[in-house]
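J.: model this:
(one chain, ligands or ions: 1)
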Amino acid sequence: MDYQQAVEQVRLYLCIITLRGAQVNRLEGLSRLQTMWPNEGIIEREERDPAMSRPALRAILMIAASLFAAAVPGCAAGPQPLPTTFPIPSAQASRTASASATPPADSWTQSRLAMVRDQIQARGVANPLVLRAMEKVPRHAFVPERYREESYRDYPLPIGEGQTISQPYIVALMTELIDPKPGDRVLEIGTGSGYQAAVLAEITEEVYSVEIIETLAHTARARLDALGYGKVHSNVADGYFGWEENAPYDAIVVTAAPDHIPQPLVGQLRDGGRLVIPVGPAGFFQTLWVVEKQGGKITSRSAGAVTFVPLTRR
Ligand code: SAH
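T.: Okay, the predicted model is just below:
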């Protein structure tokens, strides 16, 4: 591990620890935190988070998170659920931020190719359709301006409304797990920034995406149109119920975590179809499940531990 990798590793752990601190608090009072987190006041949120001011708790969390991250496959690579600022800005980030707010286009492309090679292929994602799609979609156009410099880094980023754009590796992994093919009809639950939908749209013509938060849905819609992904169908609704009118789907990817597998989603899978979904308690690790329907029979297997924002209900 060279110096840069070591710094990134420490930074990732600190990021997880910060999130874990917020999560302890989250478990203590989810509704209180939700009212504290109306939009993107991320720094305020952290400063006002009492769990973060308890040094002993932070130390325990630091050790536990490091051990857990080292022990659980997919954990260190898992998307973090809560928006946060990252407590230790990397030297590179502050350098580039002060040098220029918008690097030239080819530097984005270089960052993107490096992201695919070092974060995605290196972790075993091999489907060429997925790799090409990840190389193509301009992730920096899906994050808020102030996080743009970090858009090709190995972690999730805040997108407003207390939500996050998932870590690049997790987007690639979930896309590979649903095994989309050109011509497939794919449903995504949790449009968020629209990034996962755009990745899917690079692979197949028929992408449907459902988002429960209206403002996010509208921003993502405008962004997808502006970037040439106008063919993605989007809807504002509770994705627990899928999108019945266009069912059945060859594949369904859920990017927020419910505490059980929603029956309507299984019902909207075509025979031979695949559903990839994180399931587990809000604010902690969930299991990523791959559910398949074959001859009316449902099978499921675990693809590791991940951390997602909860699937909320209307
Ligand atoms: N796929 C997104 C990131 C997902 S973050 C991207 O590429 O940017 C999870 C998203 O799921 C959030 O935007 C959240 O608002 C949404 N969500 C949560 N519960 C939902 C539900 N019941 N139905 C639809 N979307 C939901």
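J.: from residue 229, how far off is residue 205?
T.: 11 Å (Cβ to Cβ, to the nearest Å). (C-beta placed from N, C-alpha, C; glycine too.)
J.: which one of these two has more residues nearby?
T.: residue 229 (21 against 12; other Cβ atoms under 10 Å).
J.: my guess is the more buried one contacts residue 200. True?
T.: No: proximity of residue 229 to residue 200 does not meet the contact threshold set by Cβ atoms under 8 Å, at 9.4 Å.
J.: OK, contacts around the residue lying closest to residue 181 once chain neighbours are set aside?
T.: Nearest-residue entry for residue 181: residue 204, 6.9 Å, with adjacent residues in sequence omitted and distances by Cβ to Cβ, 6 or more residues apart in numbering. Applying Cβ atoms under 8 Å, 6 or more residues apart in numbering to residue 204 gives the contacts 180, 181, 182, 183, 184, 185, 186.
J.: distance check, the single nearest residue of the stretch 201-314 of the chain relative to the ligand against residue 314.
T.: Shortest the stretch 201-314 of the chain-to-the ligand distance, computed as Cβ to the nearest ligand atom: residue-wise this is residue 239, at 3.0 Å. According to Cβ to Cβ, residue 239 and residue 314 sit 10 Å apart.
J.: hang on, the earlier thing: what about the residue nearest to residue 181, which SS state?
T.: coil (DSSP: H, G, I helix; E, B strand; the rest coil).
J.: report pLDDT for it.
T.: Note on residue 204: pLDDT of 98.
J.: same question, residue 293
T.: Predicted confidence (pLDDT) for residue 293: 98.
J.: hey, what's it bridged with?
T.: residue 298 (DSSP bridges).
J.: my read is that it contacts residue 266, right?
T.: Yes: between residue 293 and residue 266 there is a contact under Cβ under 8 Å: 7.0 Å.
J.: need the residues touching each of these two.
T.: With Cβ under 8 Å, 6+ apart as the test, residue 293 and residue 266 both reach residue 275.
J.: element containing residue 174, please.
T.: If you go by DSSP states H and E, residue 174 is part of helix 168-178.
J.: setting aside sequence neighbours, what's the nearest residue to residue 173?
T.: Using Cβ to Cβ, 6+ apart, the closest residue to residue 173 is residue 125 (6.0 Å).
J.: contacting residues around that neighbour?
T.: 131, 169, 172, 173, 176.
J.: how does it look with 10 Å?
T.: Taking Cβ atoms under 10 Å, 6 or more residues apart in numbering, we find residue 125 in contact with 116, 119, 131, 134, 169, 171, 172, 173, 175, 176, 177.
J.: and what of residue 120?
T.: Going by Cβ under 10 Å, 6+ apart, residue 120 touches 126, 130-131, 134-135, 154, 168-173, 176.
J.: closest to residue 196 among those residues?
T.: residue 171 (5.4 Å; Cβ to Cβ).
J.: report pLDDT for the closest residue to residue 148 other than its chain neighbours.
T.: Counting by Cβ to Cβ, 6+ apart, residue 140 is the residue found nearest to residue 148 once chain neighbours are left out, at 5.1 Å. Residue 140 is assigned 98 on the pLDDT scale.
J.: pretty sure residue 140 is touching residue 168, no?
T.: No: taking contacts as Cβ atoms under 10 Å, residue 140 lies outside contact range of residue 168: 11.5 Å.
J.: spit out the residues that contact those two alike.
T.: 112, 151, 152.
J.: who in the stretch 101-250 of the chain is up against the ligand?
T.: 163-166, 189-190, 192-193, 195-196, 210-213, 216, 238-240 (Cβ under 6 Å from any ligand atom).
J.: next one: phi and psi at residue 311?
T.: phi -80, psi 120 (degrees, to the nearest 10).
J.: thinking again about what came up before, quick one: the residue nearest to residue 181 from residue 175, how far?
T.: 11 Å.
J.: okay, and the common contacts of those two?
T.: Joint contacts of residue 204 and residue 175 (Cβ under 10 Å, 6+ apart) are 129, 133, 186, 251.
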